[in-house]
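Student: Model the structure of this input:
(one chain, ligands or ions: 1)
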Amino acid sequence: MSAKKSKMLKATLGLKNEMGRHYLAIEQAFRDGTPTAWATSGTPVELLYAMDVQPMLPENSATISAAQKYSQNFIELAEQEGFSYDICSYFKTNVGAVMEDVDVFKGGIRKPTFMLSSDVICDTHVHWFQVQAERFGGVPHYTIDVPHVVSNTTKRQREYYKKYVEEQTWELLEFIKEHTGHDIDLEKAKKVAANSYELSVIWKDIYELRKTVPCPISTKDTFGGLFPLFTMPGLRSPIRLYKKMYKEAKERVDAGQGALEKEEFRLMFEGIPFWYNLKYFAMLERFNAIIVYEPYTYAFSKFFSNPFETITKERLLKDPIECMSTLMLSFWYTFDLETRVRWFKETVREWKIDGVLMHNNVSCRPNNCAFYDLKRRLSDEADIPCLIIDGDQNDPRKLNVEQTNNRIESFIEVLRKNKKR
Ligand code: SF4
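Tutor: Modelled structure (predicted):
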């Protein structure tokens, strides 16, 4: 077994500065008295930028707590407040971090002018902000209710859903105006939307390069690299970072170099990673295995991860509000089993994947929903080996490293045998 480490792109090192700029912008907003908003992923953060409201993403802050090894402490504090062991650890990390009033580098986050949530991905988002708005002593909170489009939703129903969400988006703009005094400038909204689109295009292109054997990019670049997509969609600076990442990865492709010195097994990782133990994924390298696709990080290239409808740049520039509303109706986590099976089969084929690791994340029920059915269908219908591993994205107490190692080792043996067939 090789013990060589995979190579991270040099450009990815720029991510630290990029995220640093985001946190500085937040601090600057507080100094200047600029309105700020908490937003959940899946909401149209672009519209906040378009209305000169500084977004803050508590999910992103929670991942920082975990990466800095503070999340367990915050989670336990929240549990002492009465929040259950089983509910989302992002939420509990946020509760603990706010209680302790820690700085941004430990995952702290300040009280915002208002909060924006949506139930597109999970109900937790809505309840999380309801709870925290109350615990802050009352923060205005707007939530967007998004019906789920599934594979047998009719065109007529979808059109109705779109109107329903779009009406709420226009109402959101009124809500923002009421609480900040800022009105929507549609020309600015178009520029912001165009930047968001461009960012998505490059992320998609980076993913296209991952189809190459050997794969030029590992999760060292993508797990962290996804953050600008949901904290800064609409700004120019992350576009520059992604272009550098793409350029370097393309050079590797042209030179026939992979991120791993020797690539034997190509994997998909479904779910949110263990942010408190990202080094864990380096363990796969001992088996010359590399993760070449993560639905979770790809999902944030939202203009291109929509199986139901295409949003072109022209359409976006014509009506950014309509497009932002439509995009909310199609997010990876909301896909039903049929759509997921189809998407997985296509992805496994196109990215030449040997096996799928599924993170049965105690925190995130929407993501894990139907994992066992998904595994069975992929195995029965397409002979795709899948392994379900138990853990949690922010709570280290829920990952049994030894047990998981053993199971992955056995899984790799299965893949090895498959290759010999
Ligand atoms: S981890 Fe899952 S349940 Fe928790 S906030 Fe994110 S999507 Fe919702």
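Student: Get me the contact residues on the chain for the ligand.
Tutor: Residues of the chain found near the ligand (Cβ under 6 Å from any ligand atom) are 59, 88, 90, 121-122, 124-125, 272, 363-364, 366-367, 393. Yep, even glycine has a C-beta here, placed from its N, CA and C like the rest.
Student: OK, contacts around whatever residue of the stretch 101-250 of the chain ends up closest to the ligand?
Tutor: The ligand sits closest to Cys122 of the stretch 101-250 of the chain, with a gap of 3.3 Å, by Cβ to the nearest ligand atom. Cys122 makes contacts with Cys88, Tyr333, Cys364, Arg365, Pro366, as judged by Cβ atoms under 8 Å, 6 or more residues apart in numbering.
Student: How about the secondary structure of the nearest residue to the third one once chain neighbours are set aside?
Tutor: Excluding the flanking residues, the one nearest Cys364 by Cβ to Cβ, 6 or more residues apart in numbering is Ile272, at 6.1 Å. Of the three states, Ile272 takes coil according to DSSP: H, G, I helix; E, B strand; the rest coil.
Student: Domains in the protein, by residue range?
Tutor: Listed domain ranges for the chain are 11-185, 189-301+335-420 (source: automatic domain parsing).
Student: so where is the stretch 51-200 of the chain shaky, pLDDT-wise?
Tutor: Applying pLDDT under 70 to the stretch 51-200 of the chain picks out no residues at all.
Student: What segments of it are strands?
Tutor: 54-56, 114-118, 141-144 (DSSP state E, counting those that start in this stretch).
Student: Please identify the deepest-packed of those.
Tutor: strand 114-118 (a mean of 25; mean count of other Cβ atoms under 10 Å).
Student: Show me the helices in the stretch 1-150 of the chain, by range?
Tutor: Using DSSP state H, counting those that start in this stretch, the helices of the stretch 1-150 of the chain run over 14-32, 45-50, 58-67, 71-80, 89-100, 123-135.
Student: got the ones you listed as CSV, with mean neighbour count columns?
Tutor: Shown next, in CSV, are those (neighbours: other Cβ atoms under 10 Å):
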stretch, mean neighbour count
helix 14-32, 15
helix 45-50, 25
helix 58-67, 25
helix 71-80, 20
helix 89-100, 25
helix 123-135, 18
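Student: Pull the number of nearby residues for the residue nearest to Cys364.
Tutor: 23 (other Cβ atoms under 10 Å).
Student: Need the three-state assignment for Leu357.
Tutor: Applying three-state DSSP: Leu357 is strand.
Student: mind listing what it touches?
Tutor: Applying Cβ under 8 Å, 6+ apart, we find Leu357 in contact with Leu267, Met268, Phe269, Glu270, Ile291, Cys386, Leu387, Ile389, Ile408, Phe411.
Student: Can you flag which of those residues belong to strands?
Tutor: Judged by DSSP state E, the contacts of Leu357 include Leu267, Met268, Phe269, Glu270, Ile291, Cys386, Leu387, Ile389 as members of strands.
Student: Distance of the second one relative to the ligand?
Tutor: In other words, Met268. Separation of Met268 from the ligand (Cβ to the nearest ligand atom, to the nearest Å) stands at 19 Å.
Student: Also the third one?
Tutor: Taken as Cβ to the nearest ligand atom, the spacing of Phe269 relative to the ligand amounts to 15 Å.
Student: Let me know the pLDDT of that residue.
Tutor: Here, the pLDDT recorded for Phe269 equals 97.
Student: Could you look up the SS state of Ser305?
Tutor: Relying on three-state DSSP, one would call Ser305 coil.
Student: count of neighbours near it?
Tutor: Neighbour tally, Ser305, other Cβ under 10 Å: 20.
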